[in-house]
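Trainee: Let me see the structure of the following:
(one chain, ligands or ions: 1)
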Amino acid sequence: MKQFSVAVVGATGMVGQRFILLLENHPWFHLTAVAASSRSAGKTYEEAVGARWAMPSPIPEAARGLIVLDAEKDAEKIAASVDFLFCAVDMKKEDIRALEERFAKMECPVISNNSAHRHTPDVPMIIPEINPEHAAVIDAQRARLGTKRGFIAVKSNCSLQSYVPALHPLMDFGVTRALACTYQAISGASKTFATFPDIVDNVIPFIGGEEEKSECEPLKIWGTLENGRIVDAKGPAITTQCLRVPVSDGHTAAVFVSFEHKPSQEEILERWKNFSGEAQRLGLPSAPKQFLHYFEEDNRPQPKLDRMLENGMAVSIGRLRQDTQYDYKFVCLSHNTLRGAAGGGVLMAELLAVKGYLG
Ligand SMILES: NC(=O)c1ccc[n+]([C@@H]2O[C@H](COP(=O)([O-])OP(=O)(O)OC[C@H]3O[C@@H](n4cnc5c(N)ncnc54)[C@H](OP(=O)(O)O)[C@@H]3O)[C@@H](O)[C@H]2O)c1
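Mentor: Numbers count the residues shown, from 1 in each chain. The predicted structure follows:
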């Protein structure tokens, strides 16, 4: 495989830090530039992150001394120096939209964790095991942007990264409706227990914009490519409630689901066990061997025990049983800053590299 030099824009943040760790020993992608706001620009990466470093291992040697660039003022310099970039920034939506499009127009592909372009119809929102074929919409996007290489591809919201993969292998039983209550970790709010003491011994029943994203984004992921745009699927109808809970990493979802053709419990377990996608077929470096893991124990999955399954890239499922209102209910879990953010971004980039979009 060709070797790629990459930048992380938003490198000092919670997701950016994950990217820095994931790129430390990546076989294809090599970190050569980091960027953030003007507050961090000009400092070494180590100085700029300072006490905010929230990862379980130290800052990689190769990143420590890199001088942080200003994502907006140094955009030309960044675009000219790398093959593509990962973007995870906390800025106004319209500013992110403009910045990402600016990079793409400078022929620098953007793999984004931000929500700004998730509903742009010719921007693919890819989970490599589920909708890798959506990458083909990049041709139409390039035609609109007037680029040869540049494009934007996005990751979906972290809340849905457990229940969309769990529902996906069941879709041909005709999933009619699903209800998901999510119990979301504080790293999803860019926080640690040190920076978010109010969450200790507490639950916060509101996460701005999260329920809308959790209900709408699955329909784009399950959408179809028609005339250069992704057209959302018409169903299933999804309703959610998203709560912030005192967990450092890992979003749990309690899910209820009904079908047009109700499968047996054994059929559901069989589908989960046997499910694999393009990421596994291609043997992508960050792909989990077994994407969906089912736990027989009544008290699993648990964030503390199971979020790091397959390097935080697998989805854990448990407690499948019949329900009195819906056909079935179950619980599922995924790591929000790995599979749900940086890890999912790296996996998507690996898919796009193999398919020739980053060449
Ligand atoms: N946390 C998660 O689990 C998660 C999951 C999925 C998606 N996301 C999305 O990923 C993005 C980043 O989230 P996060 O949790 O990593 O946020 P964060 O910890 O607050 O980090 C934000 C990053 O954006 C940079 N930034 C802020 N203003 C900027 C500006 N004007 N120009 C350039 N860079 C600027 C910050 O740089 P400074 O250090 O210089 O301020 C920092 O690097 C958000 O869009 C979020 O919705 C997060």
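Trainee: List the buried residues of the helix or strand encompassing residue 78.
Mentor: Using DSSP states H and E, residue 78 sits in helix 75-81. Neighbour counts using 16 or more other C-beta atoms under 10 Å place 75, 78-79 of helix 75-81 among the buried residues. C-beta here means a position set from N, CA and C on the backbone, and glycine is covered the same way.
Trainee: Repeat that for stretch 311-328.
Mentor: So, applying 16+ other C-beta under 10 Å, buried residues of stretch 311-328: 312-320, 326-328.
Trainee: now swap in stretch 203-220 and tell me
Mentor: Residues 204, 207, 210-211, 213-215, 217-220 are the ones in stretch 203-220 that count as buried (16+ other C-beta under 10 Å).
Trainee: What of stretch 229-237?
Mentor: Under the neighbour-count criterion of 16+ other C-beta under 10 Å, stretch 229-237 has 229-230, 232, 236 buried.
Trainee: tell me, which of these make contact with the ligand?
Mentor: With C-beta under 6 Å from any ligand atom as the criterion, the buried residues of stretch 229-237 include none near the ligand.
Trainee: So out of everything in the stretch 201-350 of the chain, what residue is nearest the ligand?
Mentor: residue 341 (3.6 Å; C-beta to the nearest ligand atom).
Trainee: any idea where the helices of the protein begin and end?
Mentor: Ranges of helices in the chain, per DSSP state H, are 14-22, 45-49, 61-64, 75-81, 93-105, 138-145, 163-167, 210-221, 265-274, 278-281, 303-306, 343-354.
Trainee: wait, does the last one contact the ligand?
Mentor: No. With C-beta under 6 Å from any ligand atom as the measure, helix 343-354 is seen stopping short of the ligand, the closest distance being 8.2 Å.
Trainee: So which other helices or strands are in contact with that helix?
Mentor: Under the contact criterion of 3 or more C-beta pairs under 8 Å, 6 or more residues apart in numbering; DSSP states H and E, helix 343-354 touches helix 14-22, strand 84-87, strand 110-112, helix 278-281.
Trainee: do that again at 10 Å, thanks
Mentor: Helices and strands touching helix 343-354, by 3 or more C-beta pairs under 10 Å, 6 or more residues apart in numbering; DSSP states H and E, are strand 4-9, helix 14-22, strand 29-36, strand 84-87, strand 110-112, strand 152-154, helix 278-281.
Trainee: can you list the residues of the stretch 251-359 of the chain near the ligand?
Mentor: Checking the stretch 251-359 of the chain against the ligand by C-beta under 6 Å from any ligand atom, the hits are 336-337, 340-341.
Trainee: Near the ligand, which residues of the stretch 101-250 of the chain are found?
Mentor: Those residues of the stretch 101-250 of the chain that sit near the ligand, judged by C-beta under 6 Å from any ligand atom, are 113-115, 158, 187-188, 190.
Trainee: Arrange the residues you listed in JSON lines, one row each, with pLDDT as further columns.
Mentor: Output for these, formatted as JSON lines (pLDDT from 0 to 100):
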{"residue": "113", "pLDDT": "98"}
{"residue": "114", "pLDDT": "97"}
{"residue": "115", "pLDDT": "97"}
{"residue": "158", "pLDDT": "97"}
{"residue": "187", "pLDDT": "97"}
{"residue": "188", "pLDDT": "97"}
{"residue": "190", "pLDDT": "97"}
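Trainee: Would you reformat the residues you listed as JSON lines and include neighbour count?
Mentor: Shown next, in JSON lines, are those (neighbours: other C-beta atoms under 10 Å):
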{"residue": "113", "neighbour count": "26"}
{"residue": "114", "neighbour count": "23"}
{"residue": "115", "neighbour count": "18"}
{"residue": "158", "neighbour count": "27"}
{"residue": "187", "neighbour count": "25"}
{"residue": "188", "neighbour count": "25"}
{"residue": "190", "neighbour count": "16"}
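Trainee: Now distance to residue 292 too, for these, in TSV please.
Mentor: Output for these, formatted as TSV (distance: C-beta to C-beta, whole Å):
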residue	distance to residue 292
113	23
114	27
115	25
158	17
187	23
188	21
190	28
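Trainee: returning to that earlier point: compile the helices of the chain into JSON lines and extend it with columns for mean pLDDT.
Mentor: Converted to JSON lines, these look like this (pLDDT from 0 to 100):
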{"stretch": "helix 14-22", "mean pLDDT": "98"}
{"stretch": "helix 45-49", "mean pLDDT": "98"}
{"stretch": "helix 61-64", "mean pLDDT": "96"}
{"stretch": "helix 75-81", "mean pLDDT": "98"}
{"stretch": "helix 93-105", "mean pLDDT": "98"}
{"stretch": "helix 138-145", "mean pLDDT": "98"}
{"stretch": "helix 163-167", "mean pLDDT": "98"}
{"stretch": "helix 210-221", "mean pLDDT": "98"}
{"stretch": "helix 265-274", "mean pLDDT": "98"}
{"stretch": "helix 278-281", "mean pLDDT": "98"}
{"stretch": "helix 303-306", "mean pLDDT": "98"}
{"stretch": "helix 343-354", "mean pLDDT": "98"}
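Trainee: Give me the pLDDT value at the residue in the chain that the ligand sits nearest to.
Mentor: Closest contact between the chain and the ligand, by C-beta to the nearest ligand atom, is at residue 13 (2.0 Å). Here, the pLDDT recorded for residue 13 equals 98.
Trainee: How about residue 1?
Mentor: For residue 1, pLDDT reads 89.
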